[in-house]
Structure formats: structure tokens, C-alpha cells
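Enquirer: Sequence and predicted structure below; questions after.
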Amino acid sequence: MKVSSTPKRAKKRATELSSITITRTRHRLLPDARRVLAKPYLPGEELILPGVSRAGLLMERILAIPEAAVGALLATILRDFAPRHRAFEKILERHFEMVAHNIALGAVLSAERRLLIGAYFTHEYSVEAAALFNPSLVLAPNQEHLAKGQRRVVMSLRAVGEGHLSSIEFRSGVLEAGRELRLDTPGPHLVEGRRTPPSHYYKYRFSVKLREFGAENELSLAVLARLPECFTLIELEASLAALEEHGPPPAIWFETRKMIRVLAASNYVTEFPVDSELAERVIFPAGPNETRGMEDARFVRFTHDDGTVKYYATYTAYDGFSILPQLIETTDFVRFAISTLNGAAAQNKGMALFPRQIDGRYVMLSRKDRENLYLATSTDVHFWEDAVELHKPSKPWELLQLGNCGSPLETDAGWLVLTHGVGPMRRYTIGALLLDLNDPSRVIGQLSHPLMEPDASEREGYVPNVLYTCGGLINGDQLVLPYGFSDAGIDIALISLPELLAQLSAAAS
């Protein structure tokens, strides 16, 4: 991460659009191409000669290197790349194991040659090479060892690398007693989590999503009928094997089997080494619906009625053709459970969960028609069927479309909802609504002007004229709001909460 200080930016000013005091801080987070992951590299598997793949040909060439030269080659690789990665030799060994099937059975290789083979099947991927933007901010799970008045925070970020592939990164920091935000400097390494299947699947959730995929038929029902209400991936594969053995010809069940496995793979767990730093962890796309990225995670610190806390994040999985709303769950930002969201109200981008249940129900902001804000409620955080229209674009700066900017924030005056509105010249500005605290389907206030719009230093970027955030938090009498500007970088604003609420409450009266 690069953090730049911009002396020409006003440290504190009242926005020209209102009397709400907004402090654009000196923080500016910019993409840093040096932050790289060591990922598997598999050459195209097309056949070069009858029965020989490119990977197989490459393996033959590597095995032909004289043993006397292997050590020197490996030493050069370790010198140039080991300082850029945590446990680099373990990564190379792991990548060797992925391609070891290309080696003749019984072949004995030295440890150095195994690592050298791993290096040929590895490449560096710069997760931030293109952009870093659309952050959300929550209180961290661990609030120990802080001075009085300090609060530790976690910021999620959307990082975009080669091929416009989006992943989820993190930063840590501390809100000081004097309302200043201090961000920790991230270390030099990035760590990709270990991906595993969930411990079990729920038959009901599975069947509902198959229906939404258009894959509920006699064959899929037969597969599920063999399974208990909670089943493992091994049990699912056994049921699929029974279909393959005793079912109709493969041409008939091929697509059904494919969709069942796609759904199973869309639910997984990503876990990081417990000794890794938060800023080292990257949730990299792993599910079949994420082949082009994980976009705009909206994290929220959710408090259950019994006082327990869990962090949820809604995000958009994108495969290059279609999107799929998904859910992340974690308690410690080390282990992340990732699953599909289901139901008619969970069919588009921009879902944001309220930070607690209301009248025994989960509540979510939704934008199922891509233009208007909806309010969805459910007794199960994974299912969202019922939604009512909450707010339509009504102001000049939002007439193209309207969406939320993260989870609602609870205040004594009501639920504070930040919005993004798209207006003339496809400019994105940030606005605000106020919802009734007990009945959030009631909009009781709206700003008559944008809260924030791109200033002169924020207009230029990959997508010009855009301000967008996935969530801020309240710290005393301030709204702390990190936001992406023009799909290029991240700025942070401190907004007077009393002044903001006063204008929203005045609009309500």
C-alpha cells in the first residue's frame, strides 16, 4: 500500500453544498504493485503432440536439467523471490505437488529439483496492480491493550489486479481518543488462505439454490433424496456416483451434475495462518462464480440478541457474464465461511445487512431491480424472499440509479443509511437517508443535496467522477468514512454526525 500526503487538500472545511462539516484527512491509499501473491501457474493444457500437454513437455525439459545445475538455478530463484513471500519454499513444494502427476511413477527427485519444478509452475500476481478502492470499516474483534478512548478497526478493500480481477484485502488501524485515525503500515508479504469445503451442506439451502439456478429436475431431486438433511461433500459425491452408475446416459445428466458441483464449490471456507498479520491476508476468488472476481464486500459487525458478535459481509461474485450475491461469515478475520445467498430478494448487487435483528428478524438493504432501494427481512440470514420498496431516485444527482453505501448505522435519531446516486455524466455522489429506528421500512429523512461529491483531486481515475464506499462507522460525534475515488484509490473523511443528523431530522419534520 502506498499512503500519500496531499498538502493542497483542505484538512477541514465545510462542504460548499451544506453546513455539514467534513474533514478530508491526509490519508490516501493507492495501489501498490509490489504486493504480490505466489500463485500456481499451469501452462495451457492443449495438446502439442498426440497425448502430450504443454505441462508435460515443460516437465520433461525441467527433468533434463543436469543435477549439477539445479542447485545454482534454485539459489538464484530463492535470492530473487524468497524475500517477497512468506514461507516461499513451502509454496514451491506445494505447487510441485500439484503437478507431480506429470512425473513417471518411481522417479526419485532431489529436494532442490522438486523446488525448482515448483518455481516453473509458479507466478507472481499483483493483487493491486490496477486499483484499490471501495472500502468498508468495522470495529475489530480484539479491543485489548489499547489506551483509554482508542478503538481498533478493520478496513476491507477491493483490490484489482491483472485482468481486472477483484479480491478482498484488509488493513488495520486505531481510532485515537482525539478522533484521529492511525492506519498501520502493512508488511511486505501477502498470504492466500487455504481453501476447504464446508464441514457440511444443508439440503434445504442446496435445493432452493438449485431451483434458482434452474437445475431442479428429476435427476437433481434423486441425488438429494439419497442425502441426509446435513451432508458432506463426500456424501454428495457418493450420491452423484450412484447417478452416474445407475442413471440415464451421461448426455442427459451432464448439465445437472455440473450445476450441482458448481453450487457445492460456491460454498467453501478460506482459512489463514494464525500467525499472519491482518494486512497480509487476501481472500482471492476461489468459487466457480468468482472467476472474474469478488466485488465490493460490505462488512458489518453483527450483534445477536444473546450478545454474541459475528462479522458478515455481502459481496458480488462475478464470472464475467453474470453476478451472484454471496455471504462471508467470520468471528476473527482468520477463518472465513463463504456461501450463497438465496431468495427472490437476493438477486442483484448492493445488499447490506443491518447490524442487529429487528423484531426477531434479520433486515437487509437490497437493490433487486438495479435502480431502487428495497428492504428485505428474513428469519434466516441465508434466505431473502420478502422485500418492499424503500426509496426511489428522486433528486437530480441520483436519477439514473440509487444504491446503498454499506450497512445502516444505528443512531438515536434513526438508522443512518449512506447512499450512492448516479446522475448527469454518470457521476457517483454519496447521499444519506434516515430510517425509523423501530420500523426501518419508513424513510423519515433525506438530504436535499449530496453529502459528498468528487473534489478536484478525486475526479480522475480508471472510472472518473466516482465516490463510492461500502461502509463507515460512528466514533463519538463523528462518522468515519473511508471511500473509493474514481476506482483509483481510497480517501477518508470525518463527518460531523450531529450536523448530519440535524439536517436529516429537519427533513423529517
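Expert: That came through, no problem.
Enquirer: Name the nearest residue to Ala507, ignoring sequence neighbours.
Expert: Sequence neighbours aside, Gly445 is the residue nearest to Ala507 in space, at 4.3 Å (criterion: C-beta to C-beta, 6 or more residues apart in numbering). Yep, even glycine has a C-beta here, placed from its N, CA and C like the rest.
Enquirer: Quick check on Leu494: phi, psi?
Expert: Dihedral pair for Leu494: phi -110, psi 120, per degrees, to the nearest 10.
Enquirer: go on, Arg367?
Expert: Per degrees, to the nearest 10, the backbone of Arg367 is at phi -140, psi 60.
Enquirer: close enough to count as contact, it and Gln347?
Expert: No - counting by C-beta atoms under 8 Å, Arg367 does not reach Gln347; the two are 9.6 Å apart.
Enquirer: about what we covered before: what helix or strand is the residue nearest to Ala507 located in?
Expert: Assignment of secondary structure by DSSP states H and E places Gly445 within strand 443-446.
Enquirer: continuing past that strand, what's the next helix or strand?
Expert: With DSSP H and E, the next secondary element past strand 443-446 is strand 467-468.
Enquirer: Which element is encountered next along the chain beyond that next one?
Expert: Next along the chain after strand 467-468, taking DSSP H and E as the criterion, comes strand 473-475.
Enquirer: which residues sit against the helix or strand where Ile77 lies?
Expert: For Ile77, the enclosing helix or strand under DSSP H and E is helix 67-81. The contact list for helix 67-81 (C-beta atoms under 8 Å, 6 or more residues apart in numbering) reads 38, 65, 88-89, 110, 112-113, 115-116, 119, 124.
Enquirer: Check the offset of that helix from the chain's centre.
Expert: Helix 67-81 has its C-alpha centroid displaced from the chain centroid by 37 Å (C-alpha atoms, centre = their mean, to the nearest Å).
Enquirer: same deal with stretch 497-509?
Expert: Put simply, stretch 497-509 sits 32 Å off its chain's centre (C-alpha atoms, centre = their mean).
Enquirer: Please spell out which residues along that stretch are buried.
Expert: Neighbour counts using 16 or more other C-beta atoms under 10 Å place 497, 499-501, 503-504, 507 of stretch 497-509 among the buried residues.
Enquirer: so of those, which ones are in helices?
Expert: Here DSSP state H is the test, and these give 497, 499-501, 503-504, 507 as lying in helices.
Enquirer: from the residues you listed, which is closest to His145?
Expert: Checking these against His145 by C-beta to C-beta gives Leu497 as the nearest, at 27.4 Å.
Enquirer: residues contacting the closest one?
Expert: Leu497 makes contacts with 411, 474, 476-479, as judged by C-beta under 8 Å, 6+ apart.
Enquirer: domain parsing for the protein?
Expert: Per automatic domain parsing, the domain ranges recorded for the chain read 2-34+132-191+275-508, 39-126, 199-265.
Enquirer: hang on, isn't Val138 packed against Val154?
Expert: Yes - assessed by C-beta under 8 Å, Val138 is found in contact with Val154 at 5.5 Å.
Enquirer: Show me whatever sits in contact with both of the two.
Expert: Common contact partners of Val138 and Val154 (C-beta under 8 Å, 6+ apart): Phe299.
Enquirer: which stretches of the chain have low pLDDT?
Expert: Where the chain drops to pLDDT under 70, the residues are 1-18, 44-52, 178, 508-509.
Enquirer: quick one, helices of it?
Expert: Using DSSP H, helices in the chain cover 54-63, 67-81, 88-99, 111-120, 203-212, 218-225, 233-246, 250-265, 497-508.
Enquirer: Out of the ones you listed, indicate the one that is most buried.
Expert: Neighbour counts (mean count of other C-beta atoms under 10 Å) averaged over each of these peak at helix 111-120, with a mean of 21.
Enquirer: Mind giving me the packing neighbours of that one?
Expert: With contacts taken as 3 or more C-beta pairs under 8 Å, 6 or more residues apart in numbering; DSSP states H and E, helix 111-120 sits against helix 54-63, helix 67-81, helix 88-99.
Enquirer: What separation is there between the closest residue to Tyr483 other than its chain neighbours and Phe96?
Expert: Once flanking residues are discounted, Tyr483 sits nearest to Thr469: 3.9 Å by C-beta to C-beta, 6+ apart. Going from Thr469 to Phe96 by C-beta to C-beta, to the nearest Å gives 43 Å.
Enquirer: for the closest residue in space to Phe231 that isn't next to it in sequence, what are its contacts?
Expert: Distances taken as C-beta to C-beta, 6+ apart place Tyr201 nearest to Phe231, at 5.6 Å, with adjacent residues excluded. Applying C-beta under 8 Å, 6+ apart to Tyr201 gives the contacts 230-233, 236, 264, 267.
Enquirer: Recalculate using a threshold of 10 Å.
Expert: 227, 229-233, 235-236, 263-264, 267, 339 (C-beta atoms under 10 Å, 6 or more residues apart in numbering).
Enquirer: want to throw the residues you listed into JSON lines with distance to Val174?
Expert: Converted to JSON lines, the contacts of Tyr201 look like this (distance: C-beta to C-beta, whole Å):
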{"residue": "Leu227", "distance to Val174": "48"}
{"residue": "Glu229", "distance to Val174": "45"}
{"residue": "Cys230", "distance to Val174": "41"}
{"residue": "Phe231", "distance to Val174": "44"}
{"residue": "Thr232", "distance to Val174": "42"}
{"residue": "Leu233", "distance to Val174": "41"}
{"residue": "Glu235", "distance to Val174": "46"}
{"residue": "Leu236", "distance to Val174": "45"}
{"residue": "Leu263", "distance to Val174": "41"}
{"residue": "Ala264", "distance to Val174": "41"}
{"residue": "Asn267", "distance to Val174": "35"}
{"residue": "Ser339", "distance to Val174": "32"}
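Enquirer: Return the closest of those with respect to Pro249.
Expert: Pro249 lies nearest to Leu236 out of the contacts of Tyr201, by C-beta to C-beta, at 21.6 Å.
Enquirer: wait, isn't the closest one in contact with Ser220?
Expert: No - using C-beta atoms under 10 Å as the test, Leu236 is too far from Ser220 to be in contact (11.3 Å).
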